[in-house]
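fold the following, please.
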Amino acid sequence: MSQKLKEGPIRSLDLEKWRTKYGLTISAACELLGLQRATWAELQKRPDKEVEDATVCALLTLYERHPETMPITRVIDIRQRMVSLGYDPDNPKDKKSFAGATGREAAAVYRWVNGQGNVSKPVERLLEALDRLHTESGKKKRNVLESVAMEVAERAGVRDPLSRGSWRRES
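Sure thing, here's the model as predicted:
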């Protein structure tokens with residue numbers, strides 16, 4: 001069980017301390033607490049202001065006591081995702097193909113696989129969308145991903161991003 005928040009009413013500063021403790025963006029913190037960004041911004045202007053919404057206070061207390069209840073499922077295990085789609089995360093050719101299929105440069109995939117950078121939000125959403133396809137087959141999901149990428153590449157005039165690992169237009 002996590003430590004309790006300090007005694008007394010929950011204040012704006014407690015929200016910010018919680019956010020930074022868990023390395024959350026303001027958007028993620030707002031999503032987890034059900035707050036609008038404008039509300040968050042107003043609260044942060046006055047760190048000593050008491051948070052009046054009892055539900056927000058209850059959520060914050062629950063998350064502090066039981067961090068496992070925070071519904072953060074958006075941390076993508078990129079190696080696992082690549083394997084599930086039939087890519088070998090240690091194979092340079094597959095890294096290029098995965099980069100092309102997800103609309104990114106090969107250098108980004110190298111960073112992700114080596115834990116040197118966060119997967120971008122659009123790539124997270126793309127992989128989440130693939131998860132919702134009505135098939136359990138990683139091969140079918142990969143085929144859909146790559147066919148969509150190739151359609152986008154054709155429309156954008158980009159030659160074969162899957163084998164090149166790049167979305168740059170060739171001159």
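
got the domain boundaries for the chain?
12-69, 78-164 (automatic domain parsing).

take the ones you listed and write them to JSON lines, including mean pLDDT, mean neighbour count and distance to Glu170.
C-beta coordinates here come from the backbone N, C-alpha and C atoms, glycine included. Output for the domains of the chain, formatted as JSON lines (pLDDT from 0 to 100; neighbours: other CB atoms under 10 Å; distance: least, CB to CB, whole Å):
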{"stretch": "domain 12-69", "mean pLDDT": "88", "mean neighbour count": "15", "distance to Glu170": "36"}
{"stretch": "domain 78-164", "mean pLDDT": "89", "mean neighbour count": "16", "distance to Glu170": "6"}
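
can I get those in JSON lines with distance to Ser171?
Conversion of the domains of the chain to JSON lines gives the following (distance: least, CB to CB, whole Å):
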{"stretch": "domain 12-69", "distance to Ser171": "37"}
{"stretch": "domain 78-164", "distance to Ser171": "11"}
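
just the endpoints, please. Distance across stretch 99-112?
One end of stretch 99-112 to the other measures 11 Å (CA to CA, to the nearest Å).

contacting residues around that stretch?
Residues outside stretch 99-112 that contact it (CB atoms under 8 Å, 6 or more residues apart in numbering): 78, 95-96, 98, 117-120, 122-123, 126-127, 142, 145-146, 149, 152-153, 160-168.

before we move on, what about stretch 160-168?
Defining contact as CB under 8 Å, 6+ apart, one finds that stretch 160-168 is touched by 95-97, 99-101, 103-106, 109, 146, 149-150, 153, 156, 158.

appreciated, that's everything.
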